[in-house]
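Participant: Have a look at this prediction, sequence included:
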Amino acid sequence: MDLQKPNLFLVGQPKSGTTALHNYLEQHPDIYMSNPKEPRFFCKDLHLESYAFHKKKLPYFSFWEEQDYLQLFSNSGDAKIVGESSPHYLYSKVAAEEIYKFNPHANIIMILRNPVDFIYSVHSQLILSGFENVNDLKIALSLEKERKKGKHIPSRVYCPSGLFYSERIKYYQQVRRYYDVFNNSNIKVIIFEDFRVNNYKVYRDTLKFLGVDHTFVPETKMVNVNKKPRNYTLNILFESPSLDKAMKAIFPQQFYAAIKKIQKRLLWKEVPRPPMNPLLKKSLMGNYRAEVIKISDLLGIDLEKKWFQKMYQPLMLHKLSLDKNRYRQ
């Protein structure tokens, strides 16, 4: 029996609401979303970079062969929309072309977040996952030039370019790659801050984009809140790629996923993320302004106003960073 090909790809960004949207979508009766959520199959360049750095295949990239990838959708039945969510597809330089060759009529969804908040959140997540060993964001940013030369790379990182923070906020290049190959009508760009403020409206608009019943109301829950390790040494030990690989070899996928959830509950605790240093935030806003203007022109949205206008008001800095929202990531 031919396996159904996915026709929906939520390509990123990470730490920008992709998990929440994936959870919303998978509840819809006409939509089937993969489990695991992030197969990371089409970012072939990151596969090769990871293999070159580690001299072996890491379990972080579990799907190398198409037949294994397609098995993720074997239970999709007659779902109208079959999809997956791999945020690395936006950062990858080849994923857009690879997805197009696989299914040129696929729907593409991407979520963009204020680049300053995005970098702060990504850095925090990389530390939590054991991929980043520099806790101070300012120092981590300053190391990028040396890291591009192969220096100061943590041995546990999934691939070195994951630590090139200035590359990760090149939204124009990332989005342009998809516009260059896919029909514009097949691409939906969501602004994270809009999703955070009115997630139901964005969800309904997304269902309309996909051509399914947009009156469906999903159950909601808080996902991907900020966390930190209860014990950094234990976290590094249990986040070991070798342990992950052994567990995947021993246990079925669903049992492995359940074990990982328990492990994370035991190892991590939810904590509010402290506000970014105001001087660093203002500096990054200046550094990223040109990129924000470029992506604004591409999308026809004034993202400079949406993302940066209030952040320049000194009295608002702490209020904004401490604002509680449903999907703080």
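Facilitator: Nice, I can see it.
Participant: Show me where the stretch 101-250 of the chain dips below the pLDDT cut-off.
Facilitator: Along the stretch 101-250 of the chain, segments meeting pLDDT under 70 span 222-245, 247-249.
Participant: Could I get the full set of helices for the stretch 1-150 of the chain?
Facilitator: In the stretch 1-150 of the chain, the helices defined using DSSP state H, counting those that start in this stretch lie at 18-26, 44-54, 66-70, 88-91, 95-102, 115-128, 137-142, 144-147.
Participant: Break down the stretch 101-250 of the chain into its strands, ranges please.
Facilitator: Ranges of strands in the stretch 101-250 of the chain, per DSSP state E, counting those that start in this stretch, are 107-112, 187-191, 227-229.
Participant: quick one, longest helix in this protein?
Facilitator: helix 278-299 (DSSP state H).
Participant: Can you name every helix or strand that that helix contacts?
Facilitator: helix 115-128, helix 171-181, helix 303-308, helix 317-321 (3 or more C-beta pairs under 8 Å, 6 or more residues apart in numbering; DSSP states H and E). Quick note: C-beta positions are derived from backbone N, CA and C, even for glycine.
Participant: hmm, try it at 7 Å
Facilitator: Using 3 or more C-beta pairs under 7 Å, 6 or more residues apart in numbering; DSSP states H and E, the elements in contact with helix 278-299 are helix 115-128, helix 171-181, helix 303-308.
Participant: right, so those: which one is the most enclosed?
Facilitator: Most buried of the helices and strands packed on helix 278-299, by mean neighbour count (mean count of other C-beta atoms under 10 Å): helix 115-128, with a mean of 22.
Participant: how big is the angle separating that one from helix 278-299?
Facilitator: With axes from the mean of the first three to the mean of the last three C-alpha atoms, to 10 degrees defining the directions, helix 115-128 sits at 110 degrees from helix 278-299.
Participant: Keeping just the C-alphas, turn helix 115-128 into PDB.
Facilitator: Output in PDB follows, covering the C-alpha atoms of helix 115-128 (Å, rounded to 0.1, in the frame of the first residue of the first chain):
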ATOM      1  CA  PRO A 115      14.600  38.500  16.500                       C
ATOM      2  CA  VAL A 116      15.900  39.800  19.800                       C
ATOM      3  CA  ASP A 117      13.400  37.700  21.800                       C
ATOM      4  CA  PHE A 118      14.000  34.800  19.400                       C
ATOM      5  CA  ILE A 119      17.800  34.800  20.000                       C
ATOM      6  CA  TYR A 120      17.300  35.100  23.800                       C
ATOM      7  CA  SER A 121      14.900  32.100  23.800                       C
ATOM      8  CA  VAL A 122      17.000  30.000  21.400                       C
ATOM      9  CA  HIS A 123      20.100  30.500  23.500                       C
ATOM     10  CA  SER A 124      18.300  29.500  26.600                       C
ATOM     11  CA  GLN A 125      16.900  26.300  24.900                       C
ATOM     12  CA  LEU A 126      20.400  25.300  23.600                       C
ATOM     13  CA  ILE A 127      21.800  25.500  27.200                       C
ATOM     14  CA  LEU A 128      18.900  23.400  28.500                       C
END
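Participant: Can you give the distance of that helix from its chain's centre?
Facilitator: Centroid separation between helix 115-128 and its chain, computed with C-alpha atoms, centre = their mean, to the nearest Å, is 11 Å.
Participant: elements contacting that helix?
Facilitator: Packing contacts for helix 115-128, counted by 3+ C-beta pairs under 7 Å, 6+ apart, involve helix 137-142, helix 165-168, strand 227-229, helix 278-299.
Participant: To Asp45, which of these lies closest?
Facilitator: Minimum separation from Asp45 across the helices and strands packed on helix 115-128 (C-beta to C-beta) falls at helix 165-168, 12.5 Å.
Participant: Quick check: the gap between the residue lying closest to Lys221 once chain neighbours are set aside and Glu219.
Facilitator: In space, Lys221 comes closest to Asn23 once its chain neighbours are excluded; the distance is 7.4 Å by C-beta to C-beta, 6 or more residues apart in numbering. From Asn23 across to Glu219, the span is 9 Å (C-beta to C-beta, to the nearest Å).
Participant: what about those two, which has more around it?
Facilitator: Taking other C-beta atoms under 10 Å, Asn23 and Glu219 do not tie; Asn23 has more neighbours (18 against 7).
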